[in-house]
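**Q** Coordinates only, no sequence provided:
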């Protein structure tokens, strides 16, 4: 079932969830795996992305072999504490509190618990949902689409005043990024993998699903951030991750 969604309130706080640490062979570079929680003044709780599948916290080596992920990189640390439930618990939230689940795109390190919130609709780009299965990794298509109510994104739009959803294909066919306006911090740009790290801009987004689109949307995101004097949180920044404020702490 497809549906339309909106939020009743305005964002009042944002938290970064720590879904673990991964080493990308190219570089090499060690990157954090993150998700986000945004809460509104109407009591709504939005969850963006859910990290690796739980099997990686149970036996990362076996899961890596099963998914053939070792050709790309190595899980350095994905523990039970890095699963969405324990990460939400750091904020005093349970999974049943999530009122909207947003899927930035469907690669393996973002999609692991996508089906874990049956009470909440899933907001996702139409181009991503139109795929036979989530992208996952290496063409193995190791998971199916959860049975859920889906709200499909076909263009930039606002979930509410101060919460913009930005359609930025390039890294993936339906990559999303987000602009959140908070009471104290002001605008925050969550690039997700539309810009995984600052250096990706200089590297011209090599290896993207569509390099030209990735360059285009990376440029427009950074221009938008400059226009709004936004704090930028990149999707997988080796430089920023060690000191980035994470749950249980909030950006307000």
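**A** Received the coordinates, thanks. Quantities reported herein were computed from a predicted structural model and do not represent experimental measurements. Numbers count the residues shown, from 1 in each chain.

**Q** where does the stretch 1-150 of the chain have low pLDDT?
**A** Within the stretch 1-150 of the chain, the ranges that satisfy pLDDT under 70 run 1-3, 138-141.

**Q** Centre of the chain to stretch 192-209, how far?
**A** Its chain's C-alpha centre lies 15 Å from the corresponding centre of stretch 192-209 when counted by CA atoms, centre = their mean, to the nearest Å.

**Q** got it, and stretch 157-165?
**A** Using CA atoms, centre = their mean, the mean C-alpha position of stretch 157-165 is found 16 Å from that of the whole chain.

**Q** how long is that stretch from one end to the other?
**A** One end of stretch 157-165 to the other measures 5 Å (CA to CA, to the nearest Å).

**Q** pLDDT on that stretch, on average?
**A** The pLDDT scores in stretch 157-165 average 97.

**Q** Flag every buried residue along it.
**A** 159-160, 162-165 (16 or more other CB atoms under 10 Å). Yep, even glycine has a C-beta here, placed from its N, CA and C like the rest.

**Q** swap in stretch 192-203?
**A** 192-197, 200-201.

**Q** List the ones among the residues you listed that fall in strands.
**A** Secondary structure defined by DSSP state E assigns residue 192 of those to strands.

**Q** how about the buried residues of stretch 192-203, which pair is most distant?
**A** Farthest apart among the buried residues of stretch 192-203 by CB to CB are 192 and 201. That separation is 14.8 Å.

**Q** leaving aside the residues next to it on the chain, what's closest to residue 218?
**A** Of all residues not flanking residue 218 in the chain, residue 195 sits nearest, at 4.9 Å (CB to CB, 6 or more residues apart in numbering).

**Q** for that neighbour, what are its contacts?
**A** 177, 201, 218, 221-222, 234-235 (CB atoms under 8 Å, 6 or more residues apart in numbering).
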